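1. predicted model, plus sequence, below.
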Amino acid sequence: MKLSFTKMHGAGNDFVVIDATRTPFLPTPELLARLTDRHFGVGCDQVLVIEPASTPDVDFDYRIYNSDGSESGQCGNGSRCFARFVHDNGLSGKDSIRVRTISSVLELRRVEGGLVRVNMGVPRLEPLEIPFNASPRSTLYELCLDNGTEVEFGTVNMGNPHAVIEVADVDSAAVSEIGQAVQRNRAFPESVNVGFLQIHDAGQVSLRVYERGAGETLACGSGACAAVVAGRLWGKLAESVDVRVRGGALKIEWQGEGQPVWMTGPAETVFSGEIEWPN
Ligand SMILES: N[C@H](CCC[C@H](N)C(=O)O)C(=O)O
């Protein structure tokens, strides 16, 4: 059997996109590995699957699989590529579509300049279960990691979990070491995406993210949203922030608690192909 796919990226966070609107996609670990592995397969951070809507309030279902095979309920950069794929392949004539993941409903709007603007939903700010020595606002925690490092972080859920650590210099941050140590911590039984945020001023930041299920990526859309939410809760960021990531830049807007986060950024198609795959 030949399986068609399209390789895309959003600010360098790269994806294999599968159109399962006519033929179901069975996400077996072997097939996901074949699509995500950068040596033995196509190679990507996440596999995105476009499925027929399961409820009348959305246009499509949107499934997200990390390169380690785990499923997530949110992928911001992927949602922009989802919108681009749907338009370019004639799956919908609408400029604004709604999609459902396993945790969220997103609104995706194509805007001028080949950009896509996404309503990423209202951030969830529930405090962590494990009792912590938290700051007065339960969005700041201190943690002694198993590698002996003390870190202070905020937690924001964008339909997927994020820990945000402010750093003086993203380029010299020990992203992999600290990212993995935070993910191993009992505070995050389902692991977590770990963002390293450098604040240049109230409207400009730089961000690196050690992602759950994928390691460090060149961009993390939900991570950019979580970082701006955390920075605003700390009183350090404006309502509209330009987020510089290793693969490009995203614009994140958040008016405050109870309000949705809007993300605007690029979505690029690299190539389409097909692989042989046993039925
Ligand atoms: N690694 C994430 C999913 C991909 C998120 C990221 N690629 C984005 O653009 O939001 C998780 O397991 O929650």
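-> Noted; the coordinates are in hand. Numbers count the residues shown, from 1 in each chain.
2. CA atoms for contacts and neighbours, from now on please.
-> Fine.
3. let me know the pLDDT of residue 135.
-> You'll see residue 135 listed with a pLDDT of 55.
4. please apply the same query to residue 1.
-> For residue 1, the pLDDT comes out at 86.
5. so what's it closest to, chain neighbours aside?
-> residue 277 (5.2 Å; Cα to Cα, 6 or more residues apart in numbering).
6. now swap in residue 258 and tell me
-> residue 122 (6.1 Å).
7. so how far is the ligand from the one you found?
-> Note on residue 122: its distance to the ligand, by Cα to the nearest ligand atom, to the nearest Å, is 14 Å.
8. for that residue, give me its contacts.
-> By Cα atoms under 8 Å, 6 or more residues apart in numbering, the contact list for residue 122 reads 158, 257-261.
9. can you pick the most crowded of those?
-> When neighbours are counted by other Cα atoms under 10 Å, residue 158 leads these with 27 neighbours.
10. tell me how far it lies from the ligand.
-> 9 Å.
11. helices along the stretch 1-150 of the chain, start to end?
-> Assigned by DSSP state H, counting those that start in this stretch, the stretch 1-150 of the chain shows helices spanning 29-36, 76-88.
12. ugh, wrong one, the stretch 151-279 of the chain
-> Secondary structure of the stretch 151-279 of the chain by DSSP H, counting those that start in this stretch: the helices cover 175-184, 221-233.
13. so can I have JSON lines of those showing distance to residue 22, mean neighbour count and mean pLDDT?
-> Below are the helices of the stretch 151-279 of the chain laid out as JSON lines (distance: least, Cα to Cα, whole Å; neighbours: other Cα atoms under 10 Å; pLDDT from 0 to 100):
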{"stretch": "helix 175-184", "distance to residue 22": "37", "mean neighbour count": "19", "mean pLDDT": "95"}
{"stretch": "helix 221-233", "distance to residue 22": "28", "mean neighbour count": "28", "mean pLDDT": "97"}
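14. want to throw those helices into CSV with distance to the ligand?
-> CSV is the format used below for the helices of the stretch 151-279 of the chain (distance: least, Cα to the nearest ligand atom, whole Å):
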stretch, distance to the ligand
helix 175-184, 11
helix 221-233, 4
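15. which residues does residue 153 contact?
-> Residue 153 touches 139-142, 163-166, counting by Cα under 8 Å, 6+ apart.
16. if you set the cut-off to 10 Å instead, what comes out?
-> The contact partners of residue 153, by Cα atoms under 10 Å, 6 or more residues apart in numbering, come to 134, 139-143, 162-166, 182, 194-196, 230.
17. for the residues you listed, which one is nearest residue 97?
-> residue 162 (25.6 Å; Cα to Cα).
18. skipping its backbone neighbours, what lies nearest that closest one in space?
-> Closest to residue 162 by Cα to Cα, 6+ apart is residue 193, at 4.7 Å.
19. equivalent analysis for residue 117, please.
-> Per Cα to Cα, 6+ apart, closest to residue 117 is residue 264, 4.2 Å.
20. count the neighbours of that neighbour for me.
-> 24.
21. just residue 271 next, same as before
-> Using other Cα under 10 Å, residue 271 is surrounded by 10 other residues.
22. show the pLDDT at it.
-> 98.
23. just checking, it touches residue 5?
-> Yes - when contacts are counted by Cα atoms under 10 Å, residue 271 is listed as touching residue 5 (8.7 Å).
24. who touches both of those two?
-> residue 16.
25. near the ligand, which residues of the stretch 151-279 of the chain? Just list them.
-> 160, 211-214, 220-223 (Cα under 6 Å from any ligand atom).
26. residue in the stretch 51-200 of the chain with the shortest distance to the ligand?
-> With Cα to the nearest ligand atom as the measure, residue 75 is the residue of the stretch 51-200 of the chain nearest to the ligand, at 3.4 Å.
27. how many neighbouring residues does residue 251 have?
-> Neighbour tally, residue 251, other Cα under 10 Å: 20.
28. circling back: the residue nearest to residue 117 pairs with what?
-> Under DSSP bridges, the beta-bridge partners of residue 264 are residue 117, residue 251.
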